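Q: what follows is a predicted protein model with its sequence.
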Amino acid sequence: MKKTAITAGILLGIIIVFVVGGYISIFFIGSPLDGNQVFCETSLKDQTLTLQINTAESAIGFRGWKQNTKDRTLYIDARKVLVSKFAESGTYSTVVDVENIDKVILGGKIIWERIYGRDG
């Protein structure tokens, strides 16, 4: 009888670990943003680029937005999670000074690129 109680306790512990781990994974950790999972509107005025990003899926939010610049390219990334108190919105807005930027990449997808004149 004691062995059965210990086995049941171990099984219950394993189930709890998987449930809590799954909750943390889908609501907090999430997965990397894929540029094909969002709609992005861009507006350029002088050297200021305004971005409005919206999810293409319902009940999806984003968290942990990061912007990194390398070789005149701005990379924007985030984590895709289910909407919760950790990520209440599937939208993101930002303004970027593109004076020293030639390209903006969101989740691996080019969303804006500077077009230089045809004469060089």
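A: Nice, thanks for sending it over. Numbering: from 1, shown residues only.

Q: who's residue 43 bridged to?
A: residue 50 (DSSP bridges).

Q: isn't it right up against residue 94?
A: No. Taking contacts as Cβ atoms under 8 Å, residue 43 lies outside contact range of residue 94: 11.7 Å. (C-beta placed from N, C-alpha, C; glycine too.)

Q: between those two, which contacts overlap?
A: residue 50 (Cβ atoms under 8 Å, 6 or more residues apart in numbering).

Q: got a pLDDT number for the residue nearest the centre of the chain?
A: Closest to where the C-alpha atoms of the chain average out (Cα atoms, centre = their mean) is residue 78, at 2.6 Å. You'll see residue 78 listed with a pLDDT of 88.

Q: what helix or strand does it sit in?
A: Per DSSP states H and E: residue 78 is located in strand 73-82.

Q: for the very next helix or strand once past that strand, name the packing helices and strands.
A: Sequence order places strand 91-97 as the next helix or strand after strand 73-82, per DSSP H and E. Applying 3 or more Cβ pairs under 8 Å, 6 or more residues apart in numbering; DSSP states H and E, one finds that strand 91-97 contacts strand 48-55, strand 60-70, strand 73-82.

Q: out of those strands, the one nearest residue 5 is which?
A: For those, proximity to residue 5 was assessed by Cβ to Cβ; strand 73-82 is nearest, at 35.7 Å.

Q: pull up the pairing partners for the closest one, direction included.
A: According to DSSP bridges, strand 73-82 forms sheet pairs with strand 31-32 (antiparallel), strand 60-70 (antiparallel), strand 103-106 (parallel).

Q: quick one: that strand to strand 91-97, angle?
A: On the basis of axes from the mean of the first three to the mean of the last three Cα atoms, to 10 degrees, strand 73-82 is oriented at 170 degrees to strand 91-97.

Q: contact partners of strand 73-82?
A: Contacts of strand 73-82 (Cβ under 8 Å, 6+ apart): 26-34, 37, 51, 55, 59-69, 87, 92, 94, 96, 98, 101-107.
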